[in-house]
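Asker: can you look at this prediction? I've put the sequence above it.
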Amino acid sequence: MTLTYVIIAVVAVIVIWIIALYNGLIRLRNRVKEAWSDIDVQLKRRHDLIPNLINSVKGYMQHERTLLEDITKARSQAMSAQQTGNTAELAKAESMLGGMLGKLQIAVEAYPDLKANQNVGQLMDELSDTENKIQAARRFYNGMVRDFNTKIEVFPNSFFANMLKFTKYEFFEIEDAKERENVEVKL
């Protein structure tokens with residue numbers, strides 16, 4: 001009879017542990033999805049700001065027509081990648097768009113009248129603020145992905161996570177190796 005109670009107690013502990021593991025994995029998976037949603041919201045905000053910025057600078061920057069067209073194309077590619085939900089594809093498209101926006105900021109500096117334009121200044125400030133929010137959202141997402149992936153990879157969780165069909169998420173990483181290099185400043 002004592003052996004029966006011991007077996008029942010062991011089975012009960014295992015069942016409770018599996019339930020706690022499952023609930024923890026669900027909680028982490030939802031946090032990863034929430035973090036991805038935060039990135040999505042900020043990227044949408046950036047995508048919405050770009051046409052306003054392009055229209056504001058178009059009249060001043062006749063010589064930069066190619067840059068403005070490239071930004072418009074990069075924005076379209078980024079929006080398409082955002083709809084696919086493919087993290088690697090989105091990271092690549094957003095990296096390209098971010099590079100183009102950096103070139104635009106440099107080009108705006110070359111036009112004193114444009115730089116002094118209040119509307120353009122406000123849009124550039126909003127874009128800069130949005131870029132900072134995107135970076136923060138990416139860091140938060142990557143932290144959640146790290147926590148989730150670690151939880152499903154450690155033993156014995158890995159055994160049950162695999163049985164319960166939990167899979168790893170991809171990190172939001174820099175695709176362009178040039179962005180990882182140190183910036184060289186020459187004075």
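Answerer: That came through, no problem. Residues are numbered from 1 along each chain as shown.
Asker: report the buried residues of stretch 65-74.
Answerer: For stretch 65-74, the neighbour count (16 or more other CB atoms under 10 Å) marks 67, 68, 70, 71, 74 as buried. Every C-beta, even on glycine, is put in place using the N, C-alpha and C of the backbone.
Asker: next one: stretch 125-136
Answerer: Quick answer for stretch 125-136 (16+ other CB under 10 Å): 126, 127, 130, 131, 133, 134.
Asker: circling back to that earlier point, of the buried residues of stretch 65-74, closest to residue 94?
Answerer: Checking the buried residues of stretch 65-74 against residue 94 with CB to CB, the nearest one is residue 74 at 9.0 Å.
Asker: for the closest one, which non-adjacent residue is spatially closest?
Answerer: Among residues not flanking residue 74 along the chain, residue 97 sits closest, at 4.2 Å (CB to CB, 6 or more residues apart in numbering).
Asker: wait, the one you found touches residue 79, no?
Answerer: No: Residue 97 is beyond contact range of residue 79, at 9.4 Å (criterion: CB atoms under 8 Å).
Asker: higher neighbour count, the two?
Answerer: Just comparing residue 97 and residue 79: by other CB atoms under 10 Å the higher neighbour count belongs to residue 97, 24 against 16.
Asker: element containing the more buried one, please.
Answerer: helix 87-109 (DSSP states H and E).
Asker: secondary structure class for residue 37?
Answerer: With DSSP: H, G, I helix; E, B strand; the rest coil as the basis, residue 37 sits in helix.
Asker: quickly note the distance from it to residue 29.
Answerer: 13 Å (CB to CB, to the nearest Å).
Asker: the more surrounded of the two?
Answerer: residue 29 (17 against 12).
Asker: what about the more buried one, which helix or strand?
Answerer: Going by DSSP H and E, residue 29 is in helix 2-58.
Asker: can you give the distance from the helix holding residue 97 to the centre of its chain?
Answerer: The chain centre lies 14 Å from the centre of helix 87-109; the measure is CA atoms, centre = their mean, to the nearest Å.
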